[in-house]
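Visitor: sequence unknown, structure follows:
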């Protein structure tokens, strides 16, 4: 009987300690850094394959460009344009800071230097750099929580990110992070002077392989008139098996 | 001396036929001198304007600077070397820092070059003193072409975005403090001028420049590591090539005119030799050699050009002088060619040009006049007297 009582007491104490530990952890306010880590963990993956549609709203109307991308880490990505017919078959390969573009109509592969990555992609509000970057924000920015807000009916933290490295495009960013899904729902990117340069707004979030992924978003150059560029992810596969041979120039032709 | 007098008498005796040839040939004279003068004026004007506003007395380029490749601009900057710094301090050189940037006039995006220049410089003829405004965050000087393209006016504010030396975006609202009128599109189109120290600070390129412009009277060009001296021959090469191309293009017109005149003279000579067989036979009978007769006929033909020069001078000199004085208003489209022409183009007629043209026409006319006369060499006096051609 004594043994049973002792077992019960020990079990009770164990459960109590576990409960107390858990609740303490749960109640510990998250730091900006921790939130950013979770944001990176939600979206980050070694390899990704995604099919997306980019709708560019210009002064003379809108046009949609469909593409499929294979991304490996932060350094390698391969994109093939699927539509419209004019762009079909155009391929882009990015290895570190270099970009090669293959245009089927000319049957030529053009190497584009690092600076060209800063040019607009097909007249959109996105630069090649914006489109191809998939960095872990935690490696680049220090994060501070500066507020909370309901955005798209979702409770969000507002994080202010300040660059901790020198060679970075945007000196600071402000991001709205969904408190439950750890997905960034809105982002504002600022110049060193503090002037707002780009706005990124998520319109739809879907779950893929237990990750919350923004599937419809709008990029907008804040200094320019216009409706910005819409970006829709149709399918996405995380930790996909991508053959290394895809990230070679030979695969462009 | 008898031959020239005889040739002139024969020529004038031919009456209207001679004067028709002379008038056509005089057109060639005037058109050649006018068009060559126009191209020379164009070249001189462009060279002076470009030297004044852009090239100075030569430039030093940072070794990576390539004005025809904007993508290299990001790396085309370096600390100004000591030897050039001394010249800058003496006011004998002006450093320019160039950065790629984007402006957003009325919410439209436009890629431009942002050029930093010392407001106090006097090396190039640009109104940079307007940039000396302490109370403005980013004062900007633009040209009339840039103002027209962007719709910007003095006092307007426009957002400018650029990347600093590390590639980080920065942006400011800049104020247009002056709009300059310049003949040189390459210091105007798709670019803005800002104070050098501000641009150096904003791009975090302290004491750096992309190029250094030397004063026009510079005679010493020190060797500097990492900076390449570009002399005036190099800087003006484009203008000189353009003018040469234009001259070649323009020469087609006067080659056609000259060809027409020469055809008329050739035809006159052939006809004249055919119709004046008996005269040639008589001259031979009187003791004139075939060579002398050939000389006479060639001289008659060549004298067309002498008469043409006189006629061209009678109506051409007042015409060309008035043209040189009033100039030729250039159409707006010429402004987009990228050459500093100005609104009015003034032709320049040099002595060399006038003498050269006269000698050229005289030479061509003489050759053309001589060619038909070769038949005379085979002419027998007896056949000639009977009006036969052998």
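Guide: Alright, I've got the coordinates. Treat the numbers as computed from the prediction; the structure is a model and nothing was measured.

Visitor: using the three-state scheme, assign residue B:173.
Guide: When classified by DSSP: H, G, I helix; E, B strand; the rest coil, residue B:173 comes out as strand.

Visitor: that one against residue B:156, yeah?
Guide: No. Under the criterion of CB atoms under 8 Å, residue B:173 makes no contact with residue B:156, lying 10.2 Å away. Where C-beta positions appear, they are placed from N, C-alpha and C, glycine not excepted.

Visitor: which one's more surrounded, those two?
Guide: Counting neighbours by other CB atoms under 10 Å in any protein chain shown for residue B:173 and for residue B:156 shows that residue B:156 has the greater number, 17 against 13.

Visitor: nearest spatial neighbour of the more buried one, skipping sequence neighbours?
Guide: By the measure of CB to CB, 6 or more residues apart in numbering or on different chains, the closest residue to residue B:156 outside its immediate chain neighbours is residue B:176, 4.9 Å from it.

Visitor: what do you get for residue B:224?
Guide: Excluding the flanking residues, the one nearest residue B:224 by CB to CB, 6+ apart is residue B:81, at 4.4 Å.

Visitor: list phi and psi for the one you found.
Guide: Backbone dihedrals for residue B:81, given as degrees, to the nearest 10, come out at phi -70, psi 160.

Visitor: quick check: it vs chain A, distance?
Guide: Spatial separation of residue B:81 from chain A under the definition CB to the nearest CB, to the nearest Å is 26 Å.

Visitor: report pLDDT for the residue in the stretch 201-350 of chain B that chain A sits nearest to.
Guide: When scored by CB to the nearest CB, the stretch 201-350 of chain B has residue B:202 as its residue closest to chain A, at 8.6 Å. For residue B:202, the pLDDT comes out at 95.

Visitor: what's the spacing between it and residue B:176?
Guide: Relative to residue B:176, residue B:202 is positioned 17 Å away (CB to CB, to the nearest Å).

Visitor: cool, and residue B:60?
Guide: 30 Å.

Visitor: looking at those two, which is more packed in?
Guide: Taking other CB under 10 Å, residue B:60 and residue B:176 do not tie; residue B:60 has more neighbours (26 against 22).

Visitor: which strand or helix spans the more buried one?
Guide: strand B:59-62 (DSSP states H and E).

Visitor: skipping adjacent residues, who's closest to residue A:245 in space?
Guide: Leaving aside its sequence neighbours, residue A:245 is closest to residue A:251 (6.4 Å, by CB to CB, 6+ apart).

Visitor: quick one: contacts for that neighbour?
Guide: Residues in contact with residue A:251 (CB atoms under 8 Å, 6 or more residues apart in numbering or on different chains) are A:78, A:91, A:93, A:245.

Visitor: quick one: which of those is most hemmed in?
Guide: Looking at those with neighbours defined as other CB under 10 Å, the largest count falls to residue A:93 at 24 neighbours.

Visitor: which neighbours does the strand or helix carrying that one have in its sheet, and in what orientation?
Guide: Of the helices and strands defined by DSSP H and E, residue A:93 is found in strand A:91-95. Using DSSP bridges, the neighbouring strands of strand A:91-95 in the sheet come out as strand A:76-83 (antiparallel), strand A:98-103 (antiparallel).

Visitor: between these, which gets nearest to residue B:132?
Guide: For residue B:132, the closest of these is strand A:98-103, at 42.4 Å, according to CB to CB.

Visitor: after that closest one, which helix or strand is next?
Guide: Using DSSP H and E, the helix or strand that follows strand A:98-103 in sequence is strand A:108-112.

Visitor: okay, buried residues for that following strand please.
Guide: Neighbour-count burial for strand A:108-112, counted by 16 or more other CB atoms under 10 Å in any protein chain shown, picks out residue A:112.

Visitor: sorry, back to before: farthest-apart pair in the contacts of residue A:251, please.
Guide: A:91 and A:245 (14.0 Å).

Visitor: which single residue in chain A comes nearest to chain B?
Guide: residue A:225 (3.2 Å).

Visitor: please tell me how far that residue sits from residue A:65.
Guide: The spacing between residue A:225 and residue A:65, counted by CB to CB, is 21 Å.

Visitor: OK, contacts around the nearest residue to residue B:112 once chain neighbours are set aside?
Guide: Computed as CB to CB, 6+ apart, the closest residue to residue B:112 that is not its neighbour in sequence is residue B:190, at 5.0 Å. Applying CB under 8 Å, 6+ apart to residue B:190 gives the contacts B:110, B:111, B:112, B:113, B:146, B:149.

Visitor: follow-up on the earlier one: redo the contacts of residue A:251 as TSV? Include pLDDT and distance to residue B:319.
Guide: Output for those, formatted as TSV (pLDDT from 0 to 100; distance: CB to CB, whole Å):
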residue	pLDDT	distance to residue B:319
A:78	91	69
A:91	91	64
A:93	90	66
A:245	90	76
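
Visitor: out of these, which comes closest to residue B:232?
Guide: Within the set of those, residue A:93 lies nearest residue B:232; the separation is 45.0 Å, counting by CB to CB.

Visitor: and the closest residue to that closest one other than its chain neighbours, bridged to which residues?
Guide: Leaving aside its sequence neighbours, residue A:93 sits nearest to residue A:100 (CB to CB, 6+ apart; 4.6 Å). Applying DSSP bridges to residue A:100 yields these beta-bridge partners: residue A:93, residue A:111.

Visitor: and the residue of chain B found nearest chain A, how many neighbours?
Guide: Using CB to the nearest CB, the point where chain B gets nearest to chain A is residue B:107, with a distance of 3.2 Å. Applying the criterion other CB under 10 Å, we find 11 residues in the vicinity of residue B:107.

Visitor: still on that earlier bit, who has more neighbours out of residue A:225 and residue A:65?
Guide: Comparing residue A:225 with residue A:65 by neighbour count (other CB under 10 Å), the higher total belongs to residue A:65, at 22 against 11.

Visitor: who are the contact partners of the more buried one?
Guide: Shown here is residue A:65, whose contacts under the criterion CB under 8 Å, 6+ apart are A:53, A:54, A:55, A:56, A:81, A:83, A:84, A:87, A:122.

Visitor: mind running it again at 7 Å?
Guide: Applying CB atoms under 7 Å, 6 or more residues apart in numbering or on different chains to residue A:65 gives the contacts A:54, A:81, A:83, A:84, A:87, A:122.

Visitor: from these, list just the buried residues.
Guide: The neighbour-count test (16+ other CB under 10 Å) marks A:54, A:81, A:87 as buried among these.

Visitor: list the buried residues of the one helix or strand residue B:115 maps to.
Guide: Under DSSP H and E, the secondary-structure element containing residue B:115 is strand B:110-117. The neighbour-count check on strand B:110-117 (16+ other CB under 10 Å) flags B:112, B:113, B:114, B:115, B:116, B:117 as buried.

Visitor: residue contacts, the second one?
Guide: Under the criterion of CB under 7 Å, 6+ apart, the neighbours of residue B:113 are B:98, B:100, B:190, B:191.

Visitor: how confident is the prediction for it, by pLDDT?
Guide: Note for residue B:113: predicted pLDDT of 94.

Visitor: check residue B:337 too.
Guide: You'll see residue B:337 listed with a pLDDT of 62.

Visitor: pretty sure residue B:202 contacts residue B:170?
Guide: Yes. Counting by CB atoms under 7 Å, a contact exists between residue B:202 and residue B:170, whose distance comes to 6.1 Å.

Visitor: quick one: residue A:168 is in a helix?
Guide: No. With the criterion set as three-state DSSP, the secondary structure at residue A:168 is coil rather than a helix.

Visitor: could I get the full set of helices for chain A?
Guide: In chain order, chain A shows helices spanning A:2-27, A:32-43, A:128-132, A:137-140, with DSSP state H as the criterion.

Visitor: worst mean pLDDT among these?
Guide: Here the lowest mean pLDDT among the helices of chain A goes to helix A:2-27, at a mean of 52.

Visitor: walk me through the domains of chain B.
Guide: Described in terms of automatic domain parsing, the domain architecture of chain B consists of the residue ranges B:2-52+B:238-385, B:59-230.

Visitor: ends of the longest one, how far apart?
Guide: From its first residue to its last, domain B:2-52+B:238-385 covers 22 Å (CA to CA, to the nearest Å).
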